[in-house]
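Visitor: Sequence first, then the predicted structure:
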There are 2 protein chains.
Amino acid sequence: MGDMKAAFVLYEGMTALDLIGPYQVLATHPDIRQHFVAEKAGPVRSDSGLTIVADTAFGDLPDPDLVVVPGGGGWREALEMTALTDWLAAVYPGVQRMTSVCSGSTLLAKAGLLDGRPATTHWAIRPVLEKLGAVVSEERVVIDGNVITGAGVSAGIDMGLTLAAQLWGERFAQRAQLGLEYDPQPPFDAGSPDKAPQDIVDELRAMIG
Amino acid sequence: MGDMKAAFVLYEGMTALDLIGPYQVLATHPDIRQHFVAEKAGPVRSDSGLTIVADTAFGDLPDPDLVVVPGGGGWREALEMTALTDWLAAVYPGVQRMTSVCSGSTLLAKAGLLDGRPATTHWAIRPVLEKLGAVVSEERVVIDGNVITGAGVSAGIDMGLTLAAQLWGERFAQRAQLGLEYDPQPPFDAGSPDKAPQDIVDELRAMIG
């Protein structure tokens, strides 16, 4: 047990669900030894107020096997967090998988990991990711070698299941999906900019992007 | 701002995603004043290791308007947490909405709030909820007056959107859904016991139920 060091990255202003989606899929596998990593150990406040405890400082985990980077409402400030992007760049050569959810991919790009590579992000952040050098996809989950990126927030669950199937096979992923009863039935069909009312799309794009 | 006191309940052994799903939908509304409540304020460890910080003790929040109760892998132990079920029973007469996700509904039932009432829960826990006096539904989200229950774990997102539409209208709910890019594309179709391979269903039922 615990042969794969998984780093779930925390920072002020992250979106909690970005991280908790893939965490909840991955954490039940017996090979995972999980670390909640941040600039320093201690409580970290997310963008809507929920506070999660980091148990490990970046400097104390130089050799993760798997990294999950969430996005967050404070994505502009996040891009200036050099402690985080420096750590991502430093650990990348040793990882089996580097992953992100939502605007987390902009942090991978800022760390120099997505130059000319296909990647996805929150729909409202696509122009930002493009400026940072990635080849932006509108897919919900993008796999490019050992880098897997997910679209906005809830896409982390789909990214986590995709990753789990890669690492441990379809059977484990299906088991995780059934355990989470992930048989989604959204009460509305408004989850992508192609489907939501245009004025809501415009409003959110102005607010987030 | 902050006219609706929302209590997001924490306890040792809860499942983080049960809580974070509806939290992430609801927390962006300007009327919500959120409290992360537990037996006492401080860090609370969830069933797969993630630790969330409670900012409020049950005793310091006698009058929430909205309560969200998560389930968790330690549901048997949770049913013995009288500090939690006593608080649920005490605050219920004053709430606008009492809600649960996953095995959280068994805690509502233990608190005496579901006698003879329709409710849902994680698919593997249905017999437990029935024994506790509820009329168990296989629906993903069940509304019975001011009580709304969601099925397993990820159903909390659908429950949260349903609740948001009730409280603040469809437009707000659609906006929240688009903000979370909740346009689910599970890589497998194994999220309910009707769809997953039977041996996986049996295995999880034996483990969880």
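Guide: That came through fine.
Visitor: Point to the helix or strand of chain A where mean pLDDT is at its lowest.
Guide: When the helices and strands of chain A are scored by mean pLDDT, DSSP states H and E, helix A:75-78 comes last with a mean of 93.
Visitor: For the helix or strand following that one, give me every contacting residue.
Guide: Downstream of helix A:75-78, the first helix or strand assigned by DSSP states H and E is helix A:82-91. Applying C-beta atoms under 8 Å, 6 or more residues apart in numbering or on different chains, the contact partners of helix A:82-91 are A:7, A:9, A:11, A:39, A:58-59, A:61-64, A:67, A:69, A:78-79, A:98, A:107-108, A:110-113. All C-beta spots, glycine's among them, are computed from the backbone N, C-alpha and C.
Visitor: The same query, at a cut-off of 7 Å, please.
Guide: The contact list for helix A:82-91 (C-beta atoms under 7 Å, 6 or more residues apart in numbering or on different chains) reads A:9, A:11, A:39, A:58, A:62-64, A:67, A:69, A:107-108, A:110-113.
Visitor: What is the neighbour count of A:Gly145?
Guide: 9 (other C-beta atoms under 10 Å in any protein chain shown).
Visitor: May I have stretch A:55-68 as CSV, with CA atoms only?
Guide: These are the backbone C-alpha positions of stretch A:55-68, laid out as CSV (Å, rounded to 0.1, in the frame of the first residue of the first chain):
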residue,chain,number,x,y,z
ASP,A,55,-0.3,18.5,5.6
THR,A,56,2.9,19.0,3.5
ALA,A,57,4.9,21.9,2.2
PHE,A,58,6.1,22.0,-1.4
GLY,A,59,9.7,21.8,-0.2
ASP,A,60,9.0,18.6,1.7
LEU,A,61,7.7,16.7,-1.3
PRO,A,62,10.3,16.9,-4.1
ASP,A,63,9.3,13.6,-5.7
PRO,A,64,5.6,13.1,-6.2
ASP,A,65,4.4,10.5,-8.7
LEU,A,66,1.1,12.2,-9.5
VAL,A,67,0.2,15.8,-9.1
VAL,A,68,-3.4,17.3,-9.3
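Visitor: Okay, buried residues for it please.
Guide: Across stretch A:55-68, burial judged by 16 or more other C-beta atoms under 10 Å in any protein chain shown covers A:55-58, A:61, A:64-68.
Visitor: For that stretch, the averaged confidence score.
Guide: The average pLDDT for stretch A:55-68 rounds to 98.
Visitor: just stretch A:125-133 next, same as before
Guide: pLDDT averaged over stretch A:125-133 gives 98.
Visitor: So which other helices or strands are in contact with the longest helix seen in chain A?
Guide: Longest helix of chain A, by residue count under DSSP state H: helix A:155-168. On a contact count with 3 or more C-beta pairs under 7 Å, 6 or more residues apart in numbering or on different chains; DSSP states H and E, helix A:155-168 meets helix A:16-26, strand A:97-101, strand A:141-144, strand A:147-150, helix A:170-179.
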